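Visitor: fold the following for me, if possible:
(chains A and B)
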Amino acid sequence: MEALKVLVVDDEAGIRSGVTRILSKHVVSYPFMDEDCNFVCFEAASGEEGITIIDAEMPDIVLLDNKLPGIKGLEVLEYIRQKNYNIMVAMITSYASLEIALKATSDGAYDFIPKPFTPQELKSSIDNITKQLFLRRISSKMKQEGKKIRYQFLSVLSHELKAPLNAIEGYLNIMKEKQAGIDITAYDSMIERALERVEGMRNLTMDLLDFTKIRLDNRRDKVKMVNLRQTAKMSVSTVKPYAIQKNISIKLEADDKIEFEADPYDMEIIFNNLLSNAVKYNRDNGIVTVGISKEKDGIVILVSDNGIGMTEEEASQLFKEFVRIRNDKTKNISGSGLGLSIVRKITDIYHGKISVTSKPDEGTTFRVELPV
Amino acid sequence: MSIEGKTILIVDDDYDYLFQLKFQLEQWGCKVVTAESQREAEELLHTLKPDLAILDLMMENEDSGFVLSYKMKKKYPDVPIIISTAVSSETGMSFNRYSEEDKNWIKADTYLEKGIRPEHLKNELEKLIP
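Guide: Numbers count the residues shown, from 1 in each chain, chains lettered A, B, ... in the order given. From the prediction side, this is the model:
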């Protein structure tokens, strides 16, 4: 059980002891709280005394009368606000005029408890304040975690951006110092590699744009009925040039009538990523099959290939950012490591699911389910 | 000491880095053996004892270089190891994110930032090779 500290600032001794008595037996419990909580009360007869206790005890909740002998309750509230203390304040006063109410609320008071109050009124106010307090804590914790994740993302990203620059710089230095002699053809393969790294970095930047777009875009005004077969067809023609190089055939098995309400660009990203992976991680003369079907819970998109496949352990890592499956079979395939995490994020937005089944050397199937 | 004729193992999953480092070391007269993953390097080490090893930190896993270094030192305690990485302190993923306890099992002799000048690298190699 967690004990929340409550400070009562009131010049009437009866109110102070009443609050202490009522709250000492009170327990608050909400499903989102890790544990129930009870209350430990502190009492102050003046604003000055209240401030001393606030600094010393850092209470979670302050119940504050406005009409006090020395400084006013509103001034105590102002003090709490200026110090940026994370304290929930409720005003308790019989002089609760609209003016004070407005002033106190704009200064950060959370609630009003008009005097006189019954034990039940006090308890329900305290319940509300406690709920608010816990929700604030949870949201601040989530913000912290968000920051941490963003930071990790940026660290890995900067690594991913520096690697190609280092590689290109390395080749340029070799050429600058003519380390392979003065015959320019000796540098052909280095120039080729440097260009490939430039291309890889360009793809990474494009993927990054997609990645931030999914996070920032307001979809509502772009959503419309999208014909998935048409979208898939466009993706097929986008990857065709790569497929031809490896003599890979792409089959599209889809009913022309299947439509899904979405931002068309999101659907393009899904197909483009899954299809380009199916081609990239395939073998010469391989086959890629794209299926779109309507099932009872929604739309199912299947993209299969009979390519190099992967182990279960590799597959389990697949949807994380910057994860690329590294083995002898994939070492000459370039990729940003963002494609599938982008696809997963998009399916999340549509409350869908993405899964993968794969066997090394047999092939891989991605399944996207989009509920309608 | 001269590094000429010495056998150097380099392990890195970045093909280009591997190529460039090999190219550089061969210019200095070293014999170079390369591996593109921790696993491949471990296999090589069954039969190979290099005079020095340069290991990338992040390969299959983000600490592959450390694991490989640990295993290598167990097998060949006298072979100096350099861990190289493109990860630098300003990215927040510097070595100091590893605790003291971690550092105890990280057995590398030196850490080098990728992209250092060749003369600097040569200097380090000469210091480490007996």
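Visitor: the bottom helix or strand of chain B by mean pLDDT?
Guide: helix B:100-105 (a mean of 54; mean pLDDT, DSSP states H and E).
Visitor: helix or strand: which one has the residue in the stretch 151-300 of chain A that chain B sits nearest to?
Guide: Closest approach between the stretch 151-300 of chain A and chain B, counting by C-beta to the nearest C-beta: residue A:167, at 3.6 Å. From N, CA and C alone the C-beta is placed, and that goes for glycine too. Remark: residue A:167 resides in helix A:119-176, with elements defined by DSSP states H and E.
Visitor: please apply the same query to residue A:357.
Guide: Using DSSP H and E, residue A:357 sits within strand A:353-359.
Visitor: can you show me the helices along the stretch 201-350 of chain A?
Guide: Counting by DSSP state H, counting those that start in this stretch, the stretch 201-350 of chain A has helices at residues A:228-245, A:264-280, A:312-317, A:339-349.
Visitor: report the distance from the longest one to the chain centre.
Guide: Yep, that's helix A:228-245 we're talking about. 31 Å (C-alpha atoms, centre = their mean, to the nearest Å).
Visitor: doesn't residue B:112 make contact with residue B:121?
Guide: Yes. Assessed by C-beta atoms under 8 Å, residue B:121 is found in contact with residue B:112 at 7.0 Å.
Visitor: quick one, which of the helices of the stretch 201-350 of chain A is packed in tightest?
Guide: helix A:264-280 (a mean of 23; mean count of other C-beta atoms under 10 Å in any protein chain shown).
Visitor: go ahead and flag the most central residue of the chain.
Guide: By default, I'm working from chain A. residue A:146 (6.4 Å; C-alpha atoms, centre = their mean).
Visitor: sorry, should have said chain B
Guide: Chain B has residue B:54 as the residue nearest its centroid, 1.8 Å off, counting by C-alpha atoms, centre = their mean.
Visitor: does that residue really touch residue B:85, like I thought?
Guide: No. Counting by C-beta under 8 Å, residue B:54 does not reach residue B:85; the two are 10.8 Å apart.
Visitor: does the residue nearest to residue A:103 when sequence neighbours are not counted sit in a helix or strand, and which one?
Guide: Residue nearest to residue A:103 in three dimensions, not counting chain neighbours: residue A:74, with 6.0 Å by C-beta to C-beta, 6 or more residues apart in numbering or on different chains. Applying DSSP H and E as the criterion places residue A:74 in helix A:73-82.
Visitor: ok now that helix, how far from the chain's centre?
Guide: Here helix A:73-82 is found 35 Å from its chain centre; the criterion is C-alpha atoms, centre = their mean.
Visitor: again, but for stretch B:42-56
Guide: 9 Å.
Visitor: got a list of contacts for it?
Guide: B:6-14, B:17, B:21, B:33, B:35, B:41, B:64-65, B:68-69, B:71-72, B:75-76, B:79-85, B:108, B:112, B:125, B:128-129 (C-beta atoms under 8 Å, 6 or more residues apart in numbering or on different chains).
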